[in-house]
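Asker: Sequence plus the predicted model coming up.
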Amino acid sequence: MIMISILEKQYMETVIRMGRRLQSGEIDWEQRRYEIAKDAMTAILSNPEIVNEVTEEGEPVWGAPVAIAKTSVELAKLLVRELQKQK
């Protein structure tokens, strides 16, 4: 008898669900949101004019990395919301 851990079982169930979504043509919006947020954060961090821009007080315009991450997630939410409207 083969024993698998709870984590392995959850992973297998997730893969099966993803396979079913792909076969049905259903869009995984959470995955899209993640991909868009990752791309947005990469774009922000790779633009030295934005990242190095400072306020009059000398603080970074975008703030701490947490602020950049939150902005990226918010941009992803907005884009996904617009994409879902067009479906």
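Answerer: Looks like it arrived, so ask away.

Asker: switch to C-alpha atoms for all contacts and neighbour counts from now on
Answerer: OK.

Asker: what sits against Met41?
Answerer: Ile68, Ala69, Ser72 (C-alpha atoms under 8 Å, 6 or more residues apart in numbering).

Asker: mind checking which helix or strand it is in?
Answerer: With secondary structure defined by DSSP states H and E, Met41 is part of helix 29-45.

Asker: Tell me the buried residues in that helix?
Answerer: By neighbour count with 16 or more other C-alpha atoms under 10 Å, helix 29-45 contains the buried residues Arg33, Ile36, Ala37, Ala40, Met41, Ile44, Leu45.

Asker: Can you give me the distance of the spatially most central residue of the chain to Leu79?
Answerer: By C-alpha atoms, centre = their mean, the mean C-alpha position of the chain lies nearest to Tyr34, the distance being 1.9 Å. Using C-alpha to C-alpha, to the nearest Å, Tyr34 is found at 11 Å from Leu79.

Asker: Check Leu45 too.
Answerer: Distance of Leu45 to Leu79, computed by C-alpha to C-alpha: 19 Å.

Asker: where are the low-confidence patches of this structure?
Answerer: Residues of the chain that meet the criterion pLDDT under 70 lie in 1-2, 50-52, 62-64, 87.

Asker: circling back: show me what contacts the residue nearest to the centre of the chain?
Answerer: Listed by C-alpha under 8 Å, 6+ apart, the contact set of Tyr34 reads Val73, Ala76.

Asker: how close does it get to Glu8?
Answerer: Distance of Tyr34 to Glu8, computed by C-alpha to C-alpha: 22 Å.

Asker: And for Glu59?
Answerer: 45 Å.

Asker: and Glu26, how far is that from Glu56?
Answerer: Distance, Glu26 to Glu56, by C-alpha to C-alpha: 48 Å.

Asker: Settle it for me: which of the two has more neighbours?
Answerer: When Glu26 and Glu56 are compared on other C-alpha atoms under 10 Å, the one with more neighbours turns out to be Glu26, at 10 against 7.

Asker: would that one count as being in a helix?
Answerer: No - judged by DSSP: H, G, I helix; E, B strand; the rest coil, Glu26 forms no part of a helix; its state is coil.
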